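Visitor: Quick one: sequence plus predicted model below, questions after.
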There are 4 protein chains.
Amino acid sequence: MVARMHDSTSPRKGRTGRPRSAEADRAILDATRAALVDLGWGKLTMGEVAARAGVAKTTLYRRWANKNELVVDAVAVLFDELELPDRGCLKSDIEGVVLQFGALLARPETKTALMAVVAESTTDNALRERIRSAIVDRQKRLVVLGRERAQQRGELPPDSPGAEGALAATQAVGLIFDVIAGAIVHRTLVSSEPVDPAWAHSFSTLLLTGLVGLG
Amino acid sequence: MVARMHDSTSPRKGRTGRPRSAEADRAILDATRAALVDLGWGKLTMGEVAARAGVAKTTLYRRWANKNELVVDAVAVLFDELELPDRGCLKSDIEGVVLQFGALLARPETKTALMAVVAESTTDNALRERIRSAIVDRQKRLVVLGRERAQQRGELPPDSPGAEGALAATQAVGLIFDVIAGAIVHRTLVSSEPVDPAWAHSFSTLLLTGLVGLG
Amino acid sequence: MVARMHDSTSPRKGRTGRPRSAEADRAILDATRAALVDLGWGKLTMGEVAARAGVAKTTLYRRWANKNELVVDAVAVLFDELELPDRGCLKSDIEGVVLQFGALLARPETKTALMAVVAESTTDNALRERIRSAIVDRQKRLVVLGRERAQQRGELPPDSPGAEGALAATQAVGLIFDVIAGAIVHRTLVSSEPVDPAWAHSFSTLLLTGLVGLG
Amino acid sequence: MVARMHDSTSPRKGRTGRPRSAEADRAILDATRAALVDLGWGKLTMGEVAARAGVAKTTLYRRWANKNELVVDAVAVLFDELELPDRGCLKSDIEGVVLQFGALLARPETKTALMAVVAESTTDNALRERIRSAIVDRQKRLVVLGRERAQQRGELPPDSPGAEGALAATQAVGLIFDVIAGAIVHRTLVSSEPVDPAWAHSFSTLLLTGLVGLG
DNA sequence: ACTTAATCGAGACGGTACGTCGCGTCTTTAA
DNA sequence: TTAAAGACGCGACGTACCGTCTCGATTAAGT
């Protein structure tokens, strides 16, 4: 189910009949997020979402094919709030974004939704692709940006020139992203301990100087 | 559901009544893993597991309260196969365990089951606790062991003496575990790229020497 | 369970939503009767009825709260086939209806179902009420009709005028109904002997002339 | 299952091993009657009876093969209390026994148990036979006795002599028994109205003088 | 006293049916 | 044509009892 059933931007010109309610769209997505917080993924039902949104089940299915699609759309927007403020040095930049991401994952709807859709994606390639494009890849910009800033400051060596260097840089971005996002997610969801300033400090130290520097 | 319904280690001394069948335990867990491979998390049903195990559904529910608890126990044992072979230096040891863990997560039953139960655990504290005790905490041994070995070899500084030092060491183990496990899980399940020797090399380099060394 | 879950007579005017399928109603009641013949009360299951009716189990439960209620409704209609043909004199009329009722109770589905629901009704007031309204009270018409006819023929004295007379008539109908129905049921189900013309003759003689006349 | 699994009168001579507990027998039958009152036939479970009797389920099944057998044994004794006191005339004798039987059937355990086993017997011939021998036929003595008394008093004509007359007398007893017992059972369990002196009077009048005499 | 063996309680076992819940679809009336 | 309402077929759920089967612990009668 890659093809969207739903595109609120198309005005559906030249069509007859009663138009779809834009308000229903908003109410459904809001209800989905709220229900996710209250019930979690497993207890979330389409009927419940419809009831909370004051809408018939038919109206949901007219827009989204199933629970996964609905939830991905409902939560994708939540991840766009991450930013990389310039705190003057690479270490501070890292700590800042780590704390932001940690705070985001501490919120119940974010935590629940992210894990649920990722879990579902292990058996649904289309869903995995959708998550990557809608959520994950968009956040790699933070790593790219932080890296560029650090190179300009001289905290990191510049990329090697040429195609090889570009490839190495891409791979480095991927690696760093997996390490940062993975560590935060694992600490929050598996170890279930908080991503607080002390941990952010330890983590950024490890990331910058390695195990030897950790002491 | 804090109290365990199931504890195969206690021999139930002095208790009356017919004892639980140890063979049923084993058959159920085997059937769960097999069904997980064939059907995936979403299609896995208690009835199917019972049928495959040649056991009544009641027998499952007598031991596990629901699908999540059962799958955690069924999958937990898979993680016990991880080892830390002595490859002579810290870097090689890390690469070895990273590759092992990566291979484990590449198997469908591990991947799908682990993500699903972690997702459910975001709204189920008892389940989270069970995951931690049955899976996560038991694997921290690998980090502890690798650290000790490296200290004996002189690759890492020894722990500071006294209570403070012990605390710092515990925190360091937790941090390192979150970083290693988090990175592997994230690469496998979110980025959906393989944990191969090249990546293991890059990752262990980053972990040992930090971003500067990655250059 | 005083409120009816099921009322096929109300056309639900002005209500919204998909209406209940009248065909499903019929199919379910037919299937219930057929299954009753094949399986008997004890082996009759809701799932079996649903399967025979080509209907989902939920559809049964949407209409009837349990097996008893369903069977009462399924069997009630069978009693409507009883008639009081005009055979010219009271005694013949009685013999006719006695034989009809005896034949009805000889059929397996009637016998097994009636006794089972009556047995359940000893501890279920709602069920007893349903039996009375769906089966018993509707057949009192036969007694009322037979009595009127006999009065018109002069075989029985007319009702006394006034309220007292009406009350006495009502009580007489109740008494006669208990005697006739009770005797037939008892002979069939407890004594397990047939209601044949000879017995019908003896019984109607007893009923008309009393023990002295039986001599 | 006509053969008894259980015979408390045999001392089991010459057998070794622990003897059966006579107290358990009594406790089980008492518990069965009590549970029948509280729960009714449908909700009565072997486990419940065992728990109330302070006995293991095994102990029940060692003595009775199933619920039916147990309940028949538990309730048969209740019907032996009926008597036919000599009140001087046939009509009074009838009213007396009608009221006795009515009072017996008004008690919850009697009512429930009788209907339950009769219902079950519609699909179990052995059970029907057991009921007839243990309960029904034993009460026909009341009709025989009352008839003889009335004949001695000259209220009823004597039996015709010879084999034919004996047959006729047997059939008359059967008919009268079905009418009396049937009417009382029907009024109590189906019409669910009380068998009080007024009704007993009307009924005995009908029985003696027939419909014409009923007025 | 010591064996022998049937009984006891407790409770796990393989089954069957239960009545409920959520899914995603279909069918109605109203706007 | 869409909307709300709600019935539909389907399939899994988790529970309740069934009647059977181990268990270890009693409890006599026969040695």
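Guide: Structure's in. What do you need?

Visitor: Please name every helix or strand in contact with the strand or helix carrying A:Glu95.
Guide: Using DSSP states H and E, A:Glu95 falls within helix A:90-106. Secondary-structure packing of helix A:90-106 (3 or more CB pairs under 8 Å, 6 or more residues apart in numbering or on different chains; DSSP states H and E): helix A:108-121, helix A:137-153, helix A:162-185, helix A:197-214. Glycine gets a C-beta too; all of them are placed from N, C-alpha and C.

Visitor: Deepest-packed of those helices, please.
Guide: helix A:108-121 (a mean of 23; mean count of other CB atoms under 10 Å in any protein chain shown).

Visitor: how is chain A carved up into domains?
Guide: Per the record, chain A has its domains at A:22-63, A:76-214, by automatic domain parsing.

Visitor: Pass me the low-pLDDT residue ranges in chain A, would you?
Guide: Applying pLDDT under 70 to chain A picks out residues A:1-20, A:215.

Visitor: Now do the helix holding A:Glu95 against helix A:108-121, angle only.
Guide: Per axes from the mean of the first three to the mean of the last three CA atoms, to 10 degrees, the angle that helix A:90-106 makes with helix A:108-121 is 90 degrees.

Visitor: For helix A:90-106, which outside residues touch it?
Guide: For helix A:90-106, contacts defined as CB atoms under 8 Å, 6 or more residues apart in numbering or on different chains pick out A:78-79, A:81-87, A:110-111, A:114, A:142, A:146, A:149-150, A:153, A:155-156, A:180-181, A:184-185, A:187-189, A:194-197, A:200-201, A:203-205, A:207-208, B:211.

Visitor: now the angle between helix A:162-185 and it, please.
Guide: Counting by the same axes, to 10 degrees, helix A:90-106 points 50 degrees away from the direction of helix A:162-185.

Visitor: Buried residues in helix A:90-106, which are they?
Guide: Going by neighbour count (16 or more other CB atoms under 10 Å in any protein chain shown), the buried part of helix A:90-106 is A:90-91, A:93-102, A:104-105.

Visitor: interface residues of chain A facing DNA strand E?
Guide: Applying CB under 7 Å from any atom of the strand, we find that chain A lies next to DNA strand E at A:18, A:43-48, A:57-58, A:61, A:66-67.

Visitor: Now for those residues: which two are most distant?
Guide: Taking CB to CB as the measure, the residues of chain A next to DNA strand E span a maximum distance of 33.2 Å, between A:Arg18 and A:Lys43.

Visitor: re the thing from before, any idea which of the domains of chain A gets closest to D:Ala166?
Guide: Between D:Ala166 and these, the tightest spacing by CB to CB is seen for domain A:22-63, at 74.2 Å.

Visitor: picking that back up, closest one of the buried residues of helix A:90-106 to chain B?
Guide: A:Leu90 (7.7 Å; CB to the nearest CB).

Visitor: Ramachandran angles for the residue of chain A found nearest chain D?
Guide: Closest contact between chain A and chain D, by CB to the nearest CB, is at A:Lys43 (31.9 Å). A:Lys43 adopts backbone torsions of phi -90, psi 0, taken as degrees, to the nearest 10.

Visitor: how deep is it tucked in, by neighbour count?
Guide: A count of nearby residues for A:Lys43, using other CB atoms under 10 Å in any protein chain shown, gives 13.

Visitor: Specify the stretch among the helices and strands packed on helix A:90-106 that is closest to B:Val72.
Guide: Across the helices and strands packed on helix A:90-106, closest to B:Val72 is helix A:108-121 (CB to CB), at 13.6 Å.

Visitor: D:Leu90 versus whichever residue of chain A sits closest to DNA strand E, what's the distance?
Guide: As assessed by CB to the nearest atom of the strand, DNA strand E sits closest to A:Thr45 within chain A, at 3.3 Å. Applying CB to CB, to the nearest Å, the value for A:Thr45 to D:Leu90 is 72 Å.

Visitor: surely A:Leu39 meets A:Glu48?
Guide: Yes: between A:Leu39 and A:Glu48 a contact is recorded at 6.9 Å, counting by CB atoms under 8 Å.

Visitor: A:Leu84 contacts A:Gly146, correct?
Guide: Yes: here A:Leu84 reaches A:Gly146: they are 5.6 Å apart, a contact under CB under 8 Å.
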